[in-house]
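Q: Need coordinates for the following:
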Amino acid sequence: MISYNRDVVALVRIIASCLTAGFLIFFISSLSGEDLIKNNSTVADLDRILAEINVELDGGIEDRIRQLGEVPAINPYKKFYCAELAKEIHEVSYLTEKQKILFDAYNVRDFESKSKRLVSFSETANMDALMNELEIVKRELKNSVNLIDKRRKKLVRQRTAYIILFFVLWIAIYFYYSRGFLKR
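A: As a prediction, this is how the structure comes out:
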């Protein structure tokens, strides 16, 4: 019966020290201005967007252009082709806008001006300008990958530091509870 009580007390100490360490971690993170739950969901969102961008950079853009076929020489068909190409460029450029939305750097006017520029190029059937826009979008995607990777690494390091701090606090609080006021 005595060993049973000892096991229950040890279990209570473990649970109490774990809960106390968890509350301390959230208190410390709140004091530092960090929201651990939001940061964890942000890492998941960054991983998802990074995967989408990498798919487009690793051949998705070329597949989109290949699906459009050859550029027609006759003007009404060329305009239609340019409109479809502009639509594809617009869809790919939206991935960079998703990154900007996550980083709170989204500018509606900038996106609107890009869209108007794409529409004007498609109306005039200006293939060279559309291909230049495609190159600009590719550079923006590569830049977005770098920015996302930096932010993701920072958040993962921060999460790892809080996990390590949690376990250190848990052990320290467990030793305090086993030697401190719960021993009596």
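
Q: Tell me the secondary structure at the nearest residue to residue 177 once chain neighbours are set aside.
A: Using C-beta to C-beta, 6 or more residues apart in numbering and skipping the chain neighbours, the partner closest in space to residue 177 is residue 13 (4.7 Å). The C-beta positions use only the backbone N, C-alpha and C, and glycine is treated the same way. What DSSP: H, G, I helix; E, B strand; the rest coil gives for residue 13 is helix.

Q: pretty sure residue 13 contacts residue 179?
A: No: using C-beta atoms under 8 Å, residue 13 is not in contact with residue 179; the gap is 10.2 Å.

Q: Looking at those two, which has the bigger crowd around it?
A: Per other C-beta atoms under 10 Å, whichever of residue 13 and residue 179 has more neighbours is residue 13, with 19 against 9.

Q: What strand or helix carries the closest residue to residue 50 other than its chain neighbours?
A: In this structure, residue 50 finds its nearest non-sequential neighbour in residue 148, 5.0 Å apart by C-beta to C-beta, 6+ apart. Using DSSP states H and E, residue 148 maps to helix 127-179.

Q: pLDDT averaged over that helix, what's the number?
A: Averaged over helix 127-179, pLDDT sits at 91.

Q: what about the nearest residue to residue 84 once chain neighbours are set aside, how many neighbours?
A: In space, and not counting its chain neighbours, residue 84 is closest to residue 68: 5.5 Å by C-beta to C-beta, 6+ apart. Residues lying near residue 68 (other C-beta under 10 Å) number 13.

Q: Isn't residue 68 up against residue 86?
A: No: the criterion here is C-beta under 8 Å, and residue 68 misses it with residue 86 at 10.8 Å.

Q: what about residue 27, distance to residue 149?
A: Separation of residue 27 from residue 149 (C-beta to C-beta, to the nearest Å) stands at 31 Å.

Q: same thing with residue 128?
A: 32 Å.

Q: Looking only at neighbour counts, state which of the two leads.
A: Each of residue 128 and residue 149 has its neighbours counted (other C-beta under 10 Å); residue 149 has more, 12 against 8.

Q: who's in contact with that one?
A: Counting by C-beta atoms under 8 Å, 6 or more residues apart in numbering, residue 149 touches residue 50.

Q: can we see that at 10 Å?
A: 46, 50 (C-beta atoms under 10 Å, 6 or more residues apart in numbering).

Q: residue contacts, residue 94?
A: Under the criterion of C-beta under 10 Å, 6+ apart, the neighbours of residue 94 are 101, 111, 115, 137.
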